[in-house]
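>>> got a predicted structure plus its sequence, pasted below:
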Amino acid sequence: MSNTATSERIVHCVKLNKDLPGLKEVPFDGHPLGQRIYESVSQDAWKMWVEQMKMIMNEYRLNLANPEAQEFLLKQMEAYFFGEGAVHPPGYVAPGH
């Protein structure tokens, strides 16, 4: 008898291009982007996004109570995982460069 509660769901991560444990739940439940992320983004890539998101929120001084800020962040998230990558704030220098 196997215990499925302890087995991890594996996804082929679009960001890291390998099979890794997927997210435990759908982010932004009810939003189509949340379902796409759940199906094809690993926990590791999600952690990377969280760090990217913090930088974006700080650099752009986003107030997530504002619907425009929420929409901007969702577009950045979609670009990060499924597009060319999220835009960097003006003057951004990658760590280590």
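Good, I have the coordinates.

>>> next up, the contacts around the closest residue to H31 other than its chain neighbours.
Distances taken as C-beta to C-beta, 6 or more residues apart in numbering put L74 closest to H31, at 7.5 Å, once the chain neighbours are dropped. (Each C-beta comes from the backbone N, C-alpha and C, glycine too.) Applying C-beta atoms under 8 Å, 6 or more residues apart in numbering to L74 gives the contacts 28, 31, 33.

>>> any idea of the mean pLDDT in the helix or strand where the last one lies?
Same thing as L33. In the assignment (DSSP states H and E), L33 maps to helix 32-40. What helix 32-40 shows for mean pLDDT is 95.

>>> for that helix, packing partners?
Contact here means 3 or more C-beta pairs under 8 Å, 6 or more residues apart in numbering; DSSP states H and E; on that basis helix 32-40 packs against strand 10-12, helix 67-82.

>>> export the ones you listed as TSV, with columns for distance to I56.
Shown next, in TSV, are the helices and strands packed on helix 32-40 (distance: least, C-beta to C-beta, whole Å):
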stretch	distance to I56
strand 10-12	24
helix 67-82	6
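
>>> please tell me how far the residue nearest to H31 sits from E25.
Using C-beta to C-beta, to the nearest Å, one obtains 17 Å as the distance from L74 to E25.
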